[in-house]
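>>> the sequence isn't on hand, but the structure is:
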């Protein structure tokens, strides 16, 4: 079975850090681009960061220099990380990860990030 699971969310004060993890199984994880998306109440979902199968990265302008996406394709790991530093209240949202390839996409359930002021 295909599984994609995000974890690592929580409550943090403004200026703090969190590291999100997106673990995949049941598909060729290393062949997929992995993206982090977020959606806050009343707002549209937005793409925060992406890492391609080759390691290329994309960041939303507002998180450049603050968030870092990385991946570990080891067979027993298959995880993408999103290190989030200097968090702001406007980063509060439900964060999802998505695996994308020509063959199709997979979404995982989200993890809540709440940043208090």
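Yep, that arrived. Since this is a predicted model, take the numbers as computed values, not measurements.
>>> with adjacent residues omitted, what lies nearest to the spatially most central residue of the chain?
For the chain, residue 36 is the residue whose C-alpha lies nearest the centre (CA atoms, centre = their mean; 3.2 Å). Nearest residue to residue 36, sequence neighbours excluded (CB to CB, 6 or more residues apart in numbering): residue 48, at 4.5 Å. C-beta here means a position set from N, CA and C on the backbone, and glycine is covered the same way.
>>> hang on, that neighbour packs against residue 59?
Yes: between residue 48 and residue 59 there is a contact under CB atoms under 8 Å: 7.4 Å.
>>> what touches both of the two?
residue 67 (CB atoms under 8 Å, 6 or more residues apart in numbering).
>>> quick one, which of these two is more surrounded?
residue 48 (24 against 17; other CB atoms under 10 Å).
>>> can you tell me the element that one falls in?
strand 46-51 (DSSP states H and E).
>>> so which elements touch that strand?
Judged by 3 or more CB pairs under 8 Å, 6 or more residues apart in numbering; DSSP states H and E, strand 46-51 is in contact with strand 33-39, strand 57-59, strand 67-72, strand 79-84.
>>> change it to 10 Å
Here strand 46-51 touches strand 18-25, strand 33-39, strand 57-59, strand 67-72, strand 79-84, strand 93-101, going by 3 or more CB pairs under 10 Å, 6 or more residues apart in numbering; DSSP states H and E.
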